[in-house]
Each structure stands twice: as structure tokens, then as C-alpha cells.
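In: Predicted model, plus sequence, below.
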Amino acid sequence: MARFNMLKRIFQYSLLIHMLAIGTVALAQDKIPWTDLSYEERQILQQVENQWDNLSVERQQRLRRGASRWERMQPQERAQAQAQAQDQQQRFQNLSPQQ
């Protein structure tokens, strides 16, 4: 039983070390230079160009994935997405300060 507990502890510590190592690699990712974006991505993301260098790596990656999804959308899907975004923006603007 003592041997089992020792092996269990070793496994837990090993797992913890691996998780920390993976987390460190993920945190070490470099920011994406604006010039590394494709022409299409820059066109889609042009509203954030001035802020791009100040965005976190995670935010840059999310925006880049969103631009990629936008590129793959059909015109009808894009129109629907724009209408939904405008509707949400309008609802947000209509909120009272307390809300």
C-alpha cells in the first residue's frame, strides 16, 4: 500500500510538472506583428490596426480566428452576422446607466 501511495505521488508530481511546462510554453507565445497578417486579415481587422501592438497575444489570436471565420462566410451569412452585431450594439446603447 505504501508503494502504491508513493507511485501515486510521483505520478501526481510528474503530471504537475508537465502541466506547468505546457503552461509556460503557452505564455511564452510572441505577439503577432501586423505585417504577418494576410492582406485579407488586415482588411477585415483594419479598425484595430492602431491598437494591434497593444493587444494581448490571446486577443490577437481570437481576432485572427474571427477574421478567418469571416473570410469563409458566404455573403448571406456575413449580412446576418452584421445585422446581429448592429442589433446588439443598438440594445447596448439603449441600456440605462443603471443597467
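Out: Sure, I can see it. Residues are numbered from 1 along each chain as shown.
In: Quick check: next helix or strand after the helix or strand of the chain with the lowest mean pLDDT?
Out: Across the helices and strands of the chain, the lowest-confidence element by mean pLDDT, DSSP states H and E is helix 2-27, at a mean of 64. Next helix or strand after helix 2-27 toward the C-terminus (DSSP states H and E): helix 39-44.
In: Could you measure from the most centrally placed residue in the chain over to Pro75?
Out: Nearest residue to the geometric centre of the chain (C-alpha atoms, centre = their mean): Arg62, 2.8 Å. Arg62 sits 24 Å away from Pro75, going by C-beta to C-beta, to the nearest Å. Quick note: C-beta positions are derived from backbone N, CA and C, even for glycine.
In: Dump stretch 89-99 to CSV, restricted to CA.
Out: Extracted C-alpha coordinates of stretch 89-99, given in CSV (Å, rounded to 0.1, in the frame of the first residue of the first chain):
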residue,chain,number,x,y,z
GLN,A,89,-25.0,47.4,-30.4
GLN,A,90,-28.3,49.2,-30.5
ARG,A,91,-29.6,47.3,-27.5
PHE,A,92,-26.4,48.1,-25.6
GLN,A,93,-26.8,51.8,-26.4
ASN,A,94,-30.4,51.8,-25.3
LEU,A,95,-29.5,50.5,-21.8
SER,A,96,-30.0,52.9,-18.9
PRO,A,97,-26.9,53.8,-16.9
GLN,A,98,-28.2,51.6,-14.1
GLN,A,99,-28.3,48.6,-16.3
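In: Show me this protein divided up by domain.
Out: Using automatic domain parsing, the domain parsing of the chain gives 1-30, 31-94.
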